[in-house]
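Peer 1: Everything below, folded, please.
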Amino acid sequence: MSSDSILVKVKQLRELTGVGFKDCKLAIDENSGDLEKSVEFLRKKGIAKANKKMERTASDGLVSIEQNNNKFSIIEINSETDFVAKNIEFSNFVEEVSKINLNKLGIMENIMISKMSNNKTVNENLISLISKIGEKITITRSEYLGDDNCFNFSYVHSSSQKNVGKIGVLLSLKSTKSKIELTELGKQLSMHIAALSPLAIDKDGIDQKILDKEKEIITEELKNSGKDPKIIDKIALGKINKFVNDNTLLNQDWIMEPKKKVKEVIKDFSEDKTVDVVKFVRFKVGEKF
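Peer 2: All right, here's what the predicted structure looks like:
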């Protein structure tokens, strides 16, 4: 690294941690300019101010969706408080990074090194914003849907401004029907996903570790309740099946007509044509914390 770039990194590290120049310079040198490792280095040294802002939990913030024809992106950017989430500088930052997210196909490492309108990178602007506002701010996750063989839809729940809110959903449908024919179904399915938060489309999409853990919890609960050991496995199987139904999109009760399953609604809508749910993405602010 050039001496100029080292000084820039040192300045960024000082803004992030509040630690003096000498210690920050040492941390940058020892960690080849990697800011995250440098923060960790300072923490391990036991410097009192190190990483104070970054230790706090950023569980508020905004979800933003961007669209260009059939291409959609979604990004979650977190702050510590709703007060900052409503801050104009924070929301402007979210808006610009959201546009970059679409152009970079949701690839986080490419987003972070992209130049913003002030000719500084997203990462540099993020550090400056943290320093100015005084809260931990993180660009937490991003996704992109752009398959031309699918019809893509989006929904933002309780949007504070266009395509920005606390819950966002992207949805991909594959069908022999037209986009116009699918529009209402796509909207309703997206709203359903926002409200009922399925883990997967169907049972095959649920991580086996989640099912194993759920079975372990259910079995222990049944043992502790004094159930006959001979029937515990049978009861546990029934409870696991209910867990799958409650947490998979196609098997959930349709939010607009609970007597029907989502898969039945899709089948009724399809008539003699196919409609398949290919993928969905649901971001709720702070749900990872």
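
Peer 1: could you point out which element follows the host helix or strand of residue 171?
Peer 2: Assigned by DSSP states H and E, residue 171 belongs to strand 167-175. Scanning forward in sequence from strand 167-175 by DSSP H and E, the next helix or strand is helix 179-196.

Peer 1: Run through the strands of the stretch 101-250 of the chain in chain order.
Peer 2: All strands of the stretch 101-250 of the chain, identified by DSSP state E, counting those that start in this stretch, fall at 138-145, 151-157, 164-165, 167-175.

Peer 1: Dump the ones you listed to JSON lines, plus distance to residue 126 and mean neighbour count.
Peer 2: From N, CA and C alone the C-beta is placed, and that goes for glycine too. Formatted as JSON lines, the strands of the stretch 101-250 of the chain follow (distance: least, Cβ to Cβ, whole Å; neighbours: other Cβ atoms under 10 Å):
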{"stretch": "strand 138-145", "distance to residue 126": "7", "mean neighbour count": "21"}
{"stretch": "strand 151-157", "distance to residue 126": "23", "mean neighbour count": "22"}
{"stretch": "strand 164-165", "distance to residue 126": "18", "mean neighbour count": "20"}
{"stretch": "strand 167-175", "distance to residue 126": "20", "mean neighbour count": "23"}
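
Peer 1: Mean pLDDT and distance to residue 75 added to these, as JSON lines?
Peer 2: Shown next, in JSON lines, are those (pLDDT from 0 to 100; distance: least, Cβ to Cβ, whole Å):
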{"stretch": "strand 138-145", "mean pLDDT": "97", "distance to residue 75": "4"}
{"stretch": "strand 151-157", "mean pLDDT": "97", "distance to residue 75": "12"}
{"stretch": "strand 164-165", "mean pLDDT": "96", "distance to residue 75": "10"}
{"stretch": "strand 167-175", "mean pLDDT": "97", "distance to residue 75": "9"}
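
Peer 1: Out of those, which gets nearest to residue 269?
Peer 2: Counting by Cβ to Cβ, residue 269 lies closest to strand 167-175 out of the strands of the stretch 101-250 of the chain; the figure is 9.6 Å.

Peer 1: Measure how the closest one sits relative to helix 179-196, angle-wise.
Peer 2: Relative orientation of strand 167-175 versus helix 179-196 (axes from the mean of the first three to the mean of the last three Cα atoms, to 10 degrees): 140 degrees.

Peer 1: from now on call the first residue 11
Peer 2: Got it, first residue is 11 now, which makes that one strand 177-185.

Peer 1: any low-confidence regions in this protein?
Peer 2: Low-confidence segments of the chain, defined by pLDDT under 70: 11, 56-67, 299.

Peer 1: how is it carved up into domains?
Peer 2: Structurally, the chain divides into domains by automatic domain parsing as follows: 13-65, 70-185+287-294.

Peer 1: Can you check the distance spanned by the last one, start to finish?
Peer 2: In domain 70-185+287-294, first residue to last residue: 10 Å (Cα to Cα, to the nearest Å).

Peer 1: on that earlier part again, just give the strands next to the strand holding residue 181 in its sheet, each with its orientation.
Peer 2: The pairing partners recorded for strand 177-185 under DSSP bridges are strand 161-167 (antiparallel), strand 285-294 (antiparallel).

Peer 1: Take these and lay them out in CSV including distance to residue 230.
Peer 2: Formatted as CSV, the strands paired with strand 177-185 follow (distance: least, Cβ to Cβ, whole Å):
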stretch, distance to residue 230
strand 161-167, 35
strand 285-294, 29
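
Peer 1: before we move on, back to that, most tightly packed of the domains of the chain?
Peer 2: Most buried of the domains of the chain by mean neighbour count (mean count of other Cβ atoms under 10 Å) is domain 70-185+287-294; its value is a mean of 19.
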